[in-house]
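**Q** Quick one, structure for this:
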Amino acid sequence: MTRRTLTTILLVALLLGRIPAIAQPQTIDTSDIVILYDNDVHGAVEGYPLMASLREQMQRLTPHVSVVSCGDFLSGSAYGSLSSGGYLVRMMNAVGYDYATLGNHEFDFGIPMLKQRTAQLEAQTICCNFSAAGQDHSIYDAFVIKHYGKRSLAFVGVTTPSTPTSSTPIYFQDSLGQWVYSFYPDKIDSLLQCRVDEARREGADYVVVLAHVGKDDLPDIVAHTSGIDVVLDGHSHSVIPHTILYNRLGKAVLWSSTGAYFHNIGRLVINAHGDMRSELIPCDSVEITATEVNDTLAVVRAEYDRIALRKVGECVVDLKRDMVSGQLVDCTLGNFFADAFRAVAGADVGVMNRGGMRTDLPHGDLTFGDLYTAAPFNNKLCLVEMTGQALLDALEMGCRTWPRFGGGFLQVSGLTYEIIASRPTPVVTDENGLFLRVVGKRRVQNVRVWNSQSHRYELLNPKKIYRVAGTDYTLLKNGDGHVFGGVRVVDADICPYANALEMYISQFLGGRVDERYAHSEGRIRVL
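**A** Sure thing, here's the model as predicted:
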């Protein structure tokens, strides 16, 4: 669409009254509908008393208040991992959430545990595009209609089709590697459209999509659908207070996302005339008044602290995940992870997927909770043997989205490599994002492996067998789309990867993460 065409559509829409007026919600009327929303909380439990307090404040102004989540609430922190999401369900039930859609990280503990947790969750879980393969009906309700006085609002849930590779692919496959669950990447637009149309036929005055899709794909989905008034979104951790997208008929669709980790709470207001406005409320501006929810948090914290406050060492530097000079290369935290895996497993090479590191580790005393917060997914450290060719393919797959962030980008130990930035990725994947092959010139070059006997880096030999340590998520479960051919498993379960970090600190670093991690080492260079 050209800029002139877009401008024409905008002007025509304004003339025809197709764009909802922007009603400032500083004052809330008793007839207003208020939807409070979050996304990508990732176990930030401290935010739930704030959400409950804001709900109480809104309920004093209007009876038409709902609280919803746009996914990634069960996993992503030590609170999630230590309880397989149980602590988070307790907190959400204490708040009184009404509806929630599924994020990709809801699947981190496996589908049986997901079903158990969503059964315990008092909020209704909605998702229109998660089904058993070959079946048309979704496993969860696709949408729900809520009545606010004389008006009705449909909430429709949709989850990113990349979930199988951004969670754990083997959870969605049978023992033969056949896909037994689907998120319908090829027809998500039509599937969502069917559910929106169905909700409209059942009398919904407004349609709000609770999406866990993200900024890269959501605008395209909106552009191919109609009948949606608002999309509250997650997945990309984007901070979007109030943005207008346009559907396939040129009509306006409001789009908002809160960021992540309860930095903000979203508030959508629909007034009696149908005018809509979303805004983000910084959580540090909300006063806690919901004492019962705060008491629940205190109980959860006490249970968690019995495990998490154990000191495991000290850190004299800040271990960070930051990109260097705006480029996705090696980082100090990634080097620390990969070094730990390589040392504890006794491997030639250590690898760590960038998406598995969730927080920085600041200098000072380190507790087990700190390590678990940085490594929260309950993945296991494992040791495998693979050819140099398989390792080359893994590095190429990890660089597939470069320079954009990709969870499968591999931090390394005992190995260095270069990325030719000017070349497009030669990686070919299947429809679910799993690695198939490399076709064309590779971006990754000059891969060198440390020789502990000669004490120097030597060119990788594609035919040589190397011992590689990493998480089972990456090496055995096709995490981030990595598929390794001809891998021989030496040890599939050495220990949880947070425990591997503790062992590295105590047994190899003498209890002290020292200045060797003050700066990244240039293990990954961009040409």
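**Q** Kindly state the pLDDT recorded for P424?
**A** For P424, the pLDDT comes out at 93.
**Q** Based on its surroundings, how many neighbours for E279?
**A** Applying other C-beta atoms under 10 Å, we find 16 residues neighbouring E279. C-beta here means a position set from N, CA and C on the backbone, and glycine is covered the same way.
**Q** With only the CA atoms kept, save the strand or helix carrying it in CSV.
**A** Here E279, judged by DSSP states H and E, is contained in strand 276-282. The C-alpha trace of strand 276-282 is given here as CSV (Å, rounded to 0.1, in the frame of the first residue of the first chain):
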residue,chain,number,x,y,z
MET,A,276,-12.3,3.9,22.8
ARG,A,277,-9.0,4.8,24.3
SER,A,278,-6.1,2.7,25.7
GLU,A,279,-3.3,3.9,27.9
LEU,A,280,-0.5,2.4,30.0
ILE,A,281,-0.3,3.1,33.7
PRO,A,282,3.2,2.7,35.2
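**Q** So in that sheet, which strands flank it, and in what orientation?
**A** Take DSSP bridges as the rule and strand 276-282 pairs in its sheet with strand 264-270 (antiparallel).
**Q** outside of the partner strand, which residues touch it?
**A** By C-beta atoms under 8 Å, 6 or more residues apart in numbering, the residues outside strand 264-270 that reach it are 23, 25, 28, 32-39, 47, 50-51, 54, 58, 151, 153, 206, 208, 230, 232, 239, 254, 256-258, 276-283, 286.
**Q** Who are the contact partners of the nearest residue to A223 once chain neighbours are set aside?
**A** Spatially, and ignoring its direct neighbours in sequence, A223 is nearest to R248 (6.1 Å; C-beta to C-beta, 6 or more residues apart in numbering). The contact partners of R248, taken as C-beta under 8 Å, 6+ apart, are A223, H224, T225, S226.
**Q** now the helices for the stretch 151-300 of the chain?
**A** Using DSSP state H, counting those that start in this stretch, the helices found in the stretch 151-300 of the chain span residues 163-166, 188-201, 218-223, 291-308.
**Q** Let me see the domain layout of the chain.
**A** Per automatic domain parsing, the domain ranges recorded for the chain read 17-303, 309-526.
**Q** Disregarding flanking residues, what is the spatial nearest neighbour of D305?
**A** G369 (7.7 Å).
**Q** elements contacting the helix or strand harbouring that neighbour?
**A** Taking DSSP H and E as the definition, one finds G369 inside helix 368-374. Contacts defined by 3 or more C-beta pairs under 8 Å, 6 or more residues apart in numbering; DSSP states H and E place helix 368-374 against helix 78-83, helix 291-308, strand 311-315, helix 497-503.
**Q** re earlier: just name the most buried of the helices of the stretch 151-300 of the chain.
**A** With neighbours taken as mean count of other C-beta atoms under 10 Å, those reach their highest mean count in helix 163-166, at a mean of 25.
**Q** now the closest residue to Q124 other than its chain neighbours: how far from E314?
**A** Sequence neighbours aside, Y99 is the residue nearest to Q124 in space, at 5.3 Å (criterion: C-beta to C-beta, 6+ apart). Here the criterion is C-beta to C-beta, to the nearest Å. By it, Y99 lies 44 Å from E314.
**Q** Of the two, which one has the most company?
**A** The neighbour count for Y99 versus E314, taken as other C-beta under 10 Å, is higher for Y99 (24 against 15).
**Q** which residues touch that one?
**A** Shown in contact with Y99 (C-beta under 8 Å, 6+ apart): S66, V68, S69, A123, Q124, T125, I126, V144, K146, F155, G157, L210.
**Q** now do G259
**A** Applying C-beta under 8 Å, 6+ apart, the residues contacting G259 are N39, D40, H237, S238, V239, L280.
**Q** Retrieve the pLDDT associated with it.
**A** 96.
**Q** Then the one 10 residues further on?
**A** The score at V269 is 97. That number is its pLDDT.
**Q** Any idea what it is bridged to?
**A** Beta-bridge partners, per DSSP bridges, of V269: V34, R277.
**Q** So in terms of bridging, what pairs with the closest residue to L280 other than its chain neighbours?
**A** Closest residue to L280 in three dimensions, ignoring its sequence neighbours and counting by C-beta to C-beta, 6+ apart: N264, at 4.0 Å. Counting by DSSP bridges, N264 forms beta bridges with P282.
**Q** any idea how far V428 is from N264?
**A** From N264 over to V428 (counting by C-beta to C-beta), the distance is 39 Å.
**Q** higher neighbour count, those two?
**A** Neighbour count, other C-beta under 10 Å: between N264 and V428, N264 has more, with 24 against 12.
**Q** list the buried ones in stretch 314-331?
**A** Across stretch 314-331, burial judged by 16 or more other C-beta atoms under 10 Å covers C315, V317, L319, K320, R321, V324, L328, V329, D330, C331.
**Q** Out of these, name the ones that lie in strands.
**A** Counted as lying in strands by DSSP state E, out of the buried residues of stretch 314-331, are C315.
**Q** wait, which of the buried residues of stretch 314-331 is closest to R423?
**A** Nearest to R423 among the buried residues of stretch 314-331: L328, at 15.2 Å, using C-beta to C-beta.
**Q** And that closest one, what's its pLDDT?
**A** Taking L328 on its own, its pLDDT is 70.
**Q** Can you lay out the helices and strands packed on helix 368-374 as a markdown table showing mean pLDDT and distance to I111?
**A** What follows is those, written out as a markdown table (pLDDT from 0 to 100; distance: least, C-beta to C-beta, whole Å):
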| stretch | mean pLDDT | distance to I111 |
| --- | --- | --- |
| helix 78-83 | 86 | 16 |
| helix 291-308 | 93 | 25 |
| strand 311-315 | 92 | 33 |
| helix 497-503 | 89 | 22 |
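**Q** and the ones you listed as JSON lines, adding distance to D108?
**A** Output for those, formatted as JSON lines (distance: least, C-beta to C-beta, whole Å):
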{"stretch": "helix 78-83", "distance to D108": "8"}
{"stretch": "helix 291-308", "distance to D108": "18"}
{"stretch": "strand 311-315", "distance to D108": "23"}
{"stretch": "helix 497-503", "distance to D108": "13"}
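**Q** Could you say which one of those comes nearest to D339?
**A** Closest to D339 of these is helix 497-503 (C-beta to C-beta; 9.9 Å).
**Q** just checking, what packs against the closest one?
**A** Against helix 497-503 (3+ C-beta pairs under 8 Å, 6+ apart) you get helix 332-345, helix 368-374, strand 380-387.
**Q** For those, give me JSON lines that also has mean pLDDT and mean neighbour count.
**A** What follows is these, written out as JSON lines (pLDDT from 0 to 100; neighbours: other C-beta atoms under 10 Å):
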{"stretch": "helix 332-345", "mean pLDDT": "94", "mean neighbour count": "25"}
{"stretch": "helix 368-374", "mean pLDDT": "88", "mean neighbour count": "23"}
{"stretch": "strand 380-387", "mean pLDDT": "94", "mean neighbour count": "22"}
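**Q** Redo those as CSV? Include distance to R512.
**A** Converted to CSV, the helices and strands packed on helix 497-503 look like this (distance: least, C-beta to C-beta, whole Å):
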stretch, distance to R512
helix 332-345, 13
helix 368-374, 14
strand 380-387, 21
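**Q** can you tell which of these is closest to Q193?
**A** Closest among the helices and strands packed on helix 497-503, once you apply C-beta to C-beta, is helix 368-374, at 40.0 Å.
**Q** Kindly export that closest one (C-alpha atoms) in CSV.
**A** What follows is helix 368-374, C-alpha atoms only, in CSV (Å, rounded to 0.1, in the frame of the first residue of the first chain):
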residue,chain,number,x,y,z
PHE,A,368,20.3,-19.6,44.2
GLY,A,369,17.2,-17.5,43.5
ASP,A,370,19.3,-15.1,41.4
LEU,A,371,20.6,-18.0,39.3
TYR,A,372,17.1,-19.5,39.0
THR,A,373,15.7,-16.1,37.9
ALA,A,374,18.4,-15.9,35.2
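**Q** and it, how far out from the chain's middle?
**A** 18 Å (C-alpha atoms, centre = their mean, to the nearest Å).
**Q** contact partners of it?
**A** For helix 368-374, the surrounding residues in contact (C-beta under 8 Å, 6+ apart) are 77-78, 81-82, 304-305, 307-312, 333, 357-361, 498, 501-502.
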